[in-house]
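Undergrad: fold the following, please.
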Amino acid sequence: MKQFENKKALVTGGSRGIGRAISLYLAARGADVAINYISDEKAAAGTAAEIEKLGRSCLILKNDISDHREIKALFSRLKEKFGSLDLFVSNAVSGVLGPASRIGRLGWERALNTNTRSFLLQVQQALKLFPPAGGKIVAISSIGSFTCLPGYAAVGASKAALEALVRYFGRELAERNINVNAVSGGPVDTASLDYFPDKDRILKEWMDKTPSRRIATPEEIAPIVGFLLSDEASWIQGQTIVADGGLTL
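TA: Now for the predicted structure:
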């Protein structure tokens with residue numbers, strides 16, 4: 001029997017990058033996966049096709065999770081199609097890049113709403129679908145939550161708040177046999193890096209500071225998330241696992 005045989009999983013931002021790698025990892029191990037996306041329909045369709053090639057069902061959910069009404073719509077459709085939920089991965093991220101002294105209200109709200117408030121509201125919705133036996137929740141964070149990355153103030157602050165929520169949910173939900181943890185990745189080779197100004201210089205700096213002189217691939221993050229979603233991680237609660245190849249050492 002596969003590790004996640006017949007489990008139902010939701011991965012926000014599940015069509016590309018880290019979310020795609022996590023979705024395929026879970027499907028390869030027996031889970032049916034709902035992938036949420038906001039704009040790249042082609043990527044979502046491609047990821048769904050790969051999941052189905054693995055013999056699992058895939059539900060595509062186009063919703064902007066920065067909007068509380070869209071979150072309710074997402075979980076309503078998830079309940080209609082899947083009936084229940086066992087595994088929830090909060091991966092979708094958004095925000096503006098720039099100095100803290102110049103962050104505007106809208107950019108700040110976008111980062112906090114997408115990266116932090118959405119996690120709060122989605123966990124509240126997920127709890128309604130988890131079975132009595134419990135479930136697993138993993139949030140994708142960033143080393144920008146505790147160290148300063150170029151222009152990352154809004155997103156970094158939202159990720160620090162996200163990790164605080166992980167601890168509070170972990171404390172509150174343990175008695176319901178629900179594990180809540182986070183994975184804090186360093187730089188990962190995805191399209192998100194294109195948003196950084198002076199990308200090539202920053203990448204070289206990060207690689208020079210990392211012992212192995214490279215950055216991670218999405219496929220290196222997915223198994224860490226998979227472990228936290230597994231029964232083997234049942235005694236890990238409210239923690240943030242840093243997976244940065246030693247960059248922050």
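Undergrad: how about the helix or strand of the chain with the lowest mean pLDDT: buried residues?
TA: Lowest by mean pLDDT, DSSP states H and E among the helices and strands of the chain is helix 199-209, with a mean of 85. Neighbour-count burial for helix 199-209 flags 202-203, 206, 209 (criterion: 16 or more other CB atoms under 10 Å). In this view, the C-beta of every residue, glycine as well, is placed from N, C-alpha and C.
Undergrad: nearest to Glu50, of those residues?
TA: Leu203 (27.5 Å; CB to CB).
Undergrad: any idea how far Asp244 is from Ile215?
TA: 9 Å (CB to CB, to the nearest Å).
Undergrad: identify the contacts common to those two.
TA: 186-187 (CB atoms under 8 Å, 6 or more residues apart in numbering).
Undergrad: centre-most residue in the chain?
TA: Asn91 (1.8 Å; CA atoms, centre = their mean).
Undergrad: got the phi and psi for that residue?
TA: phi -120, psi -30 (degrees, to the nearest 10).
Undergrad: roughly how far apart are it and Ile178?
TA: Taking CB to CB, one finds Asn91 at 18 Å from Ile178.
Undergrad: one more: Leu54?
TA: 26 Å.
Undergrad: over to Ala154?
TA: 29 Å.
Undergrad: more neighbours: which of those two?
TA: Ala154 (24 against 21; other CB atoms under 10 Å).
Undergrad: quick check: that one touching Gly95?
TA: Yes: the pair Ala154 / Gly95 is scored as a contact, 4.9 Å apart, by CB atoms under 8 Å.
Undergrad: can you pull the residues that touch both of those two?
TA: Common neighbours of Ala154 and Gly95 (CB under 8 Å, 6+ apart) are 107, 110-111.
Undergrad: which of those tops the neighbour count?
TA: Most crowded among the shared contacts of Ala154 and Gly95, counting by other CB under 10 Å, is Ala111 at 27 neighbours.
Undergrad: wasn't Ile241 part of a strand?
TA: Yes: Ile241: assigned to a strand according to DSSP: H, G, I helix; E, B strand; the rest coil.
Undergrad: hmm, back to that, pLDDT value on the residue nearest to the centre of the chain, please?
TA: Asn91 carries a pLDDT value of 95.
Undergrad: do the same with Ile137
TA: pLDDT at Ile137 comes out at 98.
Undergrad: before we move on, which element is it in?
TA: strand 135-142 (DSSP states H and E).
Undergrad: also Asn179?
TA: Going by DSSP H and E, Asn179 is in strand 178-185.
Undergrad: give me the helices and strands touching that strand, please.
TA: strand 135-142, helix 153-173, helix 218-229, strand 240-243 (3 or more CB pairs under 8 Å, 6 or more residues apart in numbering; DSSP states H and E).
Undergrad: can you list contacts of the last one?
TA: Strand 240-243 is contacted from outside by 141, 143, 145, 163, 166, 181-186, 216, 220-221, 224, 228, 248, using CB under 8 Å, 6+ apart.
Undergrad: report the contact partners of Asn113.
TA: With CB under 8 Å, 6+ apart, Asn113 has these contacts: 66-67.
Undergrad: out of the contacts of strand 240-243, which are buried?
TA: Judged by 16+ other CB under 10 Å, buried ones among the contacts of strand 240-243: 141, 143, 145, 163, 166, 181-186, 216, 220-221, 224, 228.
Undergrad: looking at those residues, which is nearest Ala48?
TA: Ile221 (20.5 Å).
Undergrad: follow-up on the earlier one: now what about the strand holding Ile137, what contacts it?
TA: 18, 85-91, 93, 119, 123, 126, 149, 152, 155-156, 159, 162-163, 165-166, 169, 173, 177-185, 221, 225, 228-230, 233, 240.
Undergrad: right, I'll call it a day here.
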